[in-house]
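> here are the coordinates; sequence isn't available:
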């Protein structure tokens, strides 16, 4: 009991110190905060959104105009191709191309005149026309890097086998995941036809996993936190599922056997909508979970620059580190969930409900 009291007193003492220094710091800088609070809030929001969204340049560290920044190629189609680097847009510059003038606003490129006029709507978005943007963004560069890494790892793993065994430690680790996906995901959910779909499931799992892990590294893009990427992955699952679907599957979707006609007419539209909703949930689940983790970590980091207080700094570092460790677990978990649900959807479409027995 005495030990518990000591711990409680100690906690109250640290809380007292925290509020003492916080209030003292707030009083000293009250006037400056009132003047700059709105601007700082906007900057913090922009910083977080900039790190979790795609861009035409790879910003590693520093300010938007000064720091470690890698400009990336901009490729536009506007009655002809335009080629230049994103650094041409620095400081709000207008870029003169062969077929017109261009200006970047919030990572979107618009057509403009020689002075860079943007006509805004009531919501603050430009109404100018946009060229077809085929640029190489930082997410695309990260996908190239992750694809190269995966190719290197599995090619080396292939050549490391001797007498049907690999002694390469990382190869053993990868082999464990391959066997796990085959034995615990593909075979139970798809059945005897699993071999046809195993390459797709393995590719999905390792692609999502490596991009999840790369996204945790400071300065690297948040690829799987981009809804466009997750939508493409979900669309691939949708295509694989429906192209390989058999007659039995479609019959159970549109004209369920053993069900009264009135109920069939009611359920058929719902089941048809479900064909599109199920892959969409894959897209949103992966996007939301990965993005949420990055936003939480960045929010803790930004607290340091907002309060500029020793105790807030310690709090942010400790909890930011904890969330980062949690993000590693989430990276594996989300890759596993996406692959499992994809195998379930495929298994539903290829199963012969009239003849196959339930495994």
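Perfect, I can see it now. A quick note: this is a predicted structure, and the numbers were derived from the prediction, not measured.

> just the helices in the stretch 251-359 of the chain please.
Counting by DSSP state H, counting those that start in this stretch, residue ranges of the helices within the stretch 251-359 of the chain are 261-307, 310-350.

> want to throw those helices into TSV with mean neighbour count?
The way it works is simple: take the backbone N, C-alpha and C, and place the C-beta from them, glycine included. Converted to TSV, these look like this (neighbours: other Cβ atoms under 10 Å):
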stretch	mean neighbour count
helix 261-307	16
helix 310-350	18
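
> so which of those helices gets nearest residue 210?
Minimum separation from residue 210 across the helices of the stretch 251-359 of the chain (Cβ to Cβ) falls at helix 310-350, 8.8 Å.

> roughly how far apart are the nearest residue to residue 326 once chain neighbours are set aside and residue 229?
Counting by Cβ to Cβ, 6 or more residues apart in numbering, residue 326 lies nearest to residue 293, which is 7.2 Å off, once chain neighbours are set aside. As judged by Cβ to Cβ, to the nearest Å, residue 293 and residue 229 stand 16 Å apart.

> And residue 214, by the same measure?
Distance of residue 214 to residue 229, given as Cβ to Cβ: 13 Å.

> residues near the residue nearest to residue 130 when sequence neighbours are not counted, how many?
Distances taken as Cβ to Cβ, 6+ apart put residue 110 closest to residue 130, at 5.6 Å, once the chain neighbours are dropped. The local packing of residue 110 (other Cβ atoms under 10 Å) involves 20 other residues.

> residues touching residue 110, list them.
102, 103, 104, 118, 126, 128, 129, 130 (Cβ atoms under 8 Å, 6 or more residues apart in numbering).

> What pLDDT does the model give it?
Note for residue 110: predicted pLDDT of 89.

> Could you confirm it falls within a strand?
Yes: applying DSSP: H, G, I helix; E, B strand; the rest coil, one finds residue 110 inside a strand.

> can you offset everything so residue one is 21?
Yep, numbering from 21; the last one is residue 130 now.

> In the sheet, which residues pair with it? Tell me.
Bridge pairing for residue 130 (DSSP bridges) gives the partners residue 123.

> Against residue 136, how distant is it?
Residue 130 sits 9 Å away from residue 136, going by Cβ to Cβ.

> Any chance you could list residues touching both of these two?
Contact criterion Cβ under 8 Å, 6+ apart; residues shared by residue 130 and residue 136: residue 123.

> any idea how far the residue most central in space within the chain lies from residue 232?
In the chain, the C-alpha nearest the mean C-alpha coordinate belongs to residue 245, at 1.4 Å (Cα atoms, centre = their mean). Distance of residue 245 to residue 232, computed by Cβ to Cβ: 9 Å.

> Also residue 365?
Residue 365 sits 21 Å away from residue 232, going by Cβ to Cβ.

> where exactly do the strands run in the protein?
In the chain, the segments counted as strands under DSSP state E are 77-82, 87-91, 93-97, 101-105, 115-116, 121-125, 128-132, 152-153, 181-182, 185-186.

> highest average neighbour count across the ones you listed?
Most buried of these, by mean neighbour count (mean count of other Cβ atoms under 10 Å): strand 121-125, with a mean of 21.

> Check which helices and strands that one sits against.
strand 115-116, strand 128-132 (3 or more Cβ pairs under 8 Å, 6 or more residues apart in numbering; DSSP states H and E).

> tell me the domain ranges of the chain?
Domain assignment for the chain by automatic domain parsing gives 22-72, 84-156, 159-370.

> If you rank every helix and strand of the protein by mean pLDDT, what lands last?
Using mean pLDDT, DSSP states H and E, helix 22-48 stands out as the lowest-scoring helix or strand of the chain, at a mean of 43.

> Can you give me the pLDDT of the closest residue to residue 296 other than its chain neighbours?
For residue 296, ignoring the flanking residues on the chain, the nearest one in space by Cβ to Cβ, 6+ apart is residue 258 at 7.5 Å. On pLDDT, residue 258 comes in at 94.

> just residue 68 next, same as before
pLDDT, read off for residue 68, is 67.

> again with the one 4 residues further on
Confidence per residue is given as pLDDT, and for residue 72 that number is 71.

> What of residue 58?
Here the pLDDT value assigned to residue 58 is 42.

> The closest residue in space to residue 335 that isn't next to it in sequence and residue 80, how far apart?
The spatially closest residue to residue 335, leaving aside those adjacent along the chain, is residue 323, at 7.6 Å (Cβ to Cβ, 6+ apart). According to Cβ to Cβ, residue 323 stands 22 Å off from residue 80.

> How about residue 300?
Counting by Cβ to Cβ - residue 300 and residue 80 are separated by 34 Å.

> Show me where the stretch 121-270 of the chain dips below the pLDDT cut-off.
For the stretch 121-270 of the chain, no stretch has pLDDT under 70.

> could you pull out the helices for it?
Under DSSP H, counting those that start in this stretch, the stretch 121-270 of the chain gives helices at 158-179, 189-200, 207-210, 214-236, 247-263, 267-274.

> So what touches the last one?
Under the criterion Cβ under 8 Å, 6+ apart, residues 277, 288, 291, 292, 295, 368, 369, 370, 371, 372, 373, 374 lie in contact with helix 267-274.

> Now do stretch 172-189: everything it contacts.
Around stretch 172-189, the neighbours that count as contacts under Cβ under 8 Å, 6+ apart are 190, 191, 192, 194, 195.

> distance between it and the chain's centre?
Distance, stretch centre to chain centre, for stretch 172-189: 30 Å (Cα atoms, centre = their mean, to the nearest Å).

> I am finished for the moment; much appreciated.
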